[in-house]
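Colleague: Here's a sequence, model it:
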Amino acid sequence: MSACLKAWLLALVLLTGVAGGGAKAGQFLQAIEDLPLMPGLAELTDRGLAFDKPGGRIVEAYAQGAVAAAAVRAFYGATLPQLGWQALSPESFLREGEQLDVTVLSEAADGSGGGTLVRFTLRPH
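Modeller: Numbering: from 1, shown residues only. As a prediction, this is how the structure comes out:
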């Protein structure tokens, strides 16, 4: 990824104004290096998997934090189209022959415990 694109993505994430406690603004997922990590989420690097095959890459990554499920959907729903992803549904996006699904798997109702768990799935479309 070019330095200019990284700078633009960092600025975009900083300007979104989404506050959170667990992650620093401007972070990206390790497993999907061009996908911003929502502030307040921390990537669970030990839970993900990645395969690179001739037909495209398959990646599954997880993040968790004390954020509301609605905030996760709003963040990625606003951010991903600005990065070239076309929304197929509130949780599915398409770009350059790849489909990205952002799925909220669980949310702590009272804000306790591990918080909201999010799965990111990237695969060829």
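Colleague: Now V104: which helix or strand?
Modeller: Assigning secondary structure by DSSP states H and E places V104 in strand 98-106.
Colleague: That strand pairs with which strands?
Modeller: Each strand paired with strand 98-106, and its direction, by DSSP bridges: strand 92-95 (antiparallel), strand 116-124 (antiparallel).
Colleague: buried ones in the first one?
Modeller: Going back to what we said before, that points to strand 92-95. S92, F93, R95 (16 or more other Cβ atoms under 10 Å). Placement of C-beta: from N, CA and C, glycine included.
Colleague: Not counting its neighbours along the chain, what's nearest Q64?
Modeller: L117 (4.9 Å; Cβ to Cβ, 6 or more residues apart in numbering).
Colleague: Then G84?
Modeller: Closest to G84 by Cβ to Cβ, 6+ apart is R95, at 5.1 Å.
Colleague: residues contacting the one you found?
Modeller: Counting by Cβ atoms under 8 Å, 6 or more residues apart in numbering, R95 touches L83, G84, W85, Q86.
Colleague: And L49, by the same measure?
Modeller: Neighbours of L49 in contact, by Cβ under 8 Å, 6+ apart: V59, E60.
Colleague: Identify the bridge partners of it.
Modeller: Per DSSP bridges, the residues bridged to L49 are E60.
Colleague: Am I right that the residue nearest to Q64 is in contact with V72?
Modeller: No: at 9.9 Å, L117 does not count as touching V72 under the criterion of Cβ atoms under 8 Å.
Colleague: which residues do the two both contact?
Modeller: With Cβ under 8 Å, 6+ apart as the test, L117 and V72 both reach V104.
Colleague: picking up where we left off before, mind putting the buried residues of strand 92-95 into CSV with distance to V59 and pLDDT?
Modeller: What follows is the buried residues of strand 92-95, written out as CSV (distance: Cβ to Cβ, whole Å; pLDDT from 0 to 100):
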residue, distance to V59, pLDDT
S92, 15, 97
F93, 14, 98
R95, 14, 97
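Colleague: of those residues, closest to D34?
Modeller: R95 (9.6 Å; Cβ to Cβ).
Colleague: rewinding a little: who has more neighbours, L117 and V72?
Modeller: Using other Cβ atoms under 10 Å as the criterion, L117 and V72 rank with V72 on top: 24 against 21.
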